[in-house]
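Undergrad: The following comprises the amino acid sequence and a computationally predicted model.
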Amino acid sequence: MPLMDHLGELRRRLVIVLASLFITALVLYFATPTIIVFLLEPIKEFMPSSSLALLGDSSSTGMIVTSPLGGFSIRFRVAIFMSFVVCSPIVLWEILAFFLPALKPNERRWVVPTLAVGICLFVIGIVFCYKVILGAAFGWMMGESDAIGTTLPDAETYLKAIMGLLIAFGIAFELPLIVFYLVVFNLVPYKTFRKNWRTIYVVLLVFCAMVTPDASPVTMGFMFAALLSMYELSLLFSRIVLARRIAKQKAEGTYIEPDEDDEDDDDEEDDDDGSSDDSEEDDDEEEERPSTARRRFQR
């Protein structure tokens, strides 16, 4: 496919994604007060008492807005967030559909399972954050804030932190899918992941510190534990798939053993060549020393 056709296809996919997000956001904008109350539900116990009293009233969110234009921007931001969650199947499908023409026929059968697993992992990440992370993270942060002063329930600050955590966990939970395909398609060998496990663990820890918007050790620790567990599970599933593939190839007589011994022999030969070269250089130096001594004696 020519470059201009690729660009045209990319533009068409982007228009579909943006249009679906915009239309869904317009519809959800009118339901944002109810959505905000739902988002604040896990952290009700950590909010000031005045806000808790207002949260009991269905017509109020218990938050304060510090500017006249703040209400519109907050509601529109919440609507965009919810539209991204609702339209996540469309977004994932358009991403996969863009790369679909480049896949081989035997690889295209993985598209639908990938879409289903990707959507499930994204939703599981958001639910895990909503049920487990928000309460623990805001409990720690409110304890730190109350130690030095009174915390005001600013709507923009609270909702920005909540939505950032939910999106961060939803995207981070896609890690098993990425690792699985890197191993199954032999883009990164399984042994490479196992050999460099210390480096990968450090990278996961740094990634958790970067994507958590509150930068609290509680949130980072929970995310690291979840990602580490899913990373190990993805490697386990990858190993099972590879074992079945190897067994099938052996049954068909098409399996080729990796040439690890040849590589070791090549390394040993290189070492032998290097040592022989060094010994020859040492012999030449020893031969030169007596000749220089004789010249000095003759002089």
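TA: On my side now, so go ahead.
Undergrad: what about stretch 210-227, average pLDDT?
TA: In this model, stretch 210-227 has a mean pLDDT of 79.
Undergrad: Stretch 241-253 too?
TA: Computed over stretch 241-253, the average pLDDT equals 75.
Undergrad: cool, stretch 18-27 as well?
TA: Per-residue scores along stretch 18-27 average to 93.
Undergrad: buried set for it?
TA: If you call a residue buried by 16 or more other CB atoms under 10 Å, then stretch 18-27 has these buried ones: S20, L21, T24, A25. No exception for glycine: its C-beta is placed from N, CA and C like everyone else's.
Undergrad: can you pull the contacts of the last one?
TA: So the one you mean is A25. F76, A79, I80, M82, S83 (CB atoms under 8 Å, 6 or more residues apart in numbering).
Undergrad: what about 6 Å?
TA: By CB atoms under 6 Å, 6 or more residues apart in numbering, the contact set of A25 is A79, I80, S83.
Undergrad: what's the helix or strand for it?
TA: Under the criterion of DSSP states H and E, A25 resides in helix 3-29.
Undergrad: Tell me the helix or strand right after that helix.
TA: Counting by DSSP H and E, what follows helix 3-29 is helix 32-40.
Undergrad: angle of that next one against helix 3-29?
TA: What separates the directions of helix 32-40 and helix 3-29 is an angle of 90 degrees, with axes from the mean of the first three to the mean of the last three CA atoms, to 10 degrees.
Undergrad: Can you name every helix or strand that helix 32-40 contacts?
TA: If you count contacts as 3 or more CB pairs under 6 Å, 6 or more residues apart in numbering; DSSP states H and E, helix 32-40 packs onto helix 70-86.
Undergrad: Please point out which parts of the helix it packs on sit buried.
TA: For helix 70-86, by 16+ other CB under 10 Å, it's I74, R75, R77, V78, A79, I80, F81, M82, S83, F84, V85.
Undergrad: thought the first one was touching A155?
TA: Yes - the pair I74 / A155 is scored as a contact, 5.5 Å apart, by CB atoms under 6 Å.
Undergrad: Going by secondary structure, the residue nearest to W93 when sequence neighbours are not counted is in what exactly?
TA: Excluding its sequence neighbours, the residue lying closest to W93 (CB to CB, 6 or more residues apart in numbering) is L115, at 5.8 Å. In the assignment (DSSP H and E), L115 maps to helix 111-128.
Undergrad: Now do that helix: distance to the chain's middle.
TA: Distance, stretch centre to chain centre, for helix 111-128: 13 Å (CA atoms, centre = their mean, to the nearest Å).
Undergrad: who touches the following helix or strand past it?
TA: Per DSSP H and E, the first helix or strand lying C-terminal to helix 111-128 is helix 134-146. Residues outside helix 134-146 that contact it (CB under 6 Å, 6+ apart) are P42, I43, F46, T151, D214, S216, V218, T219.
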